[in-house]
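Colleague: Next comes the sequence, and after it the predicted model I'd like to discuss.
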Amino acid sequence: MPPVTIASLYRHGVRQLLVHCNGKREGDWPCRHQAALPIERFSSDECLREIEQRCRCTACGWRRADLRPDYSRQQAIWRRVDNAAVTFFDVHLRQNLGASRR
C-alpha cells in the first residue's frame, strides 16, 4: 500500500490533522493531550508516518503521537446534504398526500 501523503489528503478535502499524545506524565498517568495541525504547514509530498515521527507533545514532551486526518468537515457537509434530501422528500411527500386526500 502506498504511503498516505499530504497531497492525497488535500484531494479528499482534509484541511487539518488531529494529533493525540500517547505519552505518559508524572506518576505514569497517560497524557492524552491533543491538537489540530493545519496541513498547509507541510509539503504536499510528505507522508503521514514521517510527520508523526517528528511530532512532540507540547504538554509532556513525548514523541509518541497518533496522527489522523480530520474528516469532520466532510461529515458536516454530508449531514447537510442528508438533511436537505430528507426535507425535500418530506415536503414532496406531504404535497402528494395532501393532493390525494382532496
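Modeller: It's in.
Colleague: Apart from its chain neighbours, what residue comes closest to residue 49?
Modeller: Distance criterion C-beta to C-beta, 6 or more residues apart in numbering; nearest residue to residue 49, sequence neighbours excluded, is residue 3 at 6.2 Å. Glycine gets a C-beta too; all of them are placed from N, C-alpha and C.
Colleague: Next, name the residue at the spatial heart of this protein.
Modeller: By C-alpha atoms, centre = their mean, the chain has its centre lying nearest to residue 70, at 1.5 Å.
Colleague: that older thread, distance check, the residue nearest to residue 49 against residue 39.
Modeller: According to C-beta to C-beta, to the nearest Å, residue 3 and residue 39 sit 15 Å apart.
Colleague: can you list the domain ranges for this protein.
Modeller: With domains defined by automatic domain parsing, the chain comprises 1-70, 72-102.
Colleague: Can you give me the end-to-end span of the longest one?
Modeller: If I follow you right, that is domain 1-70. With C-alpha to C-alpha, to the nearest Å as the measure, domain 1-70 spans 21 Å from end to end.
Colleague: can the domains of the chain go into CSV with extra columns for mean pLDDT?
Modeller: Below are these laid out as CSV (pLDDT from 0 to 100):
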stretch, mean pLDDT
domain 1-70, 90
domain 72-102, 56
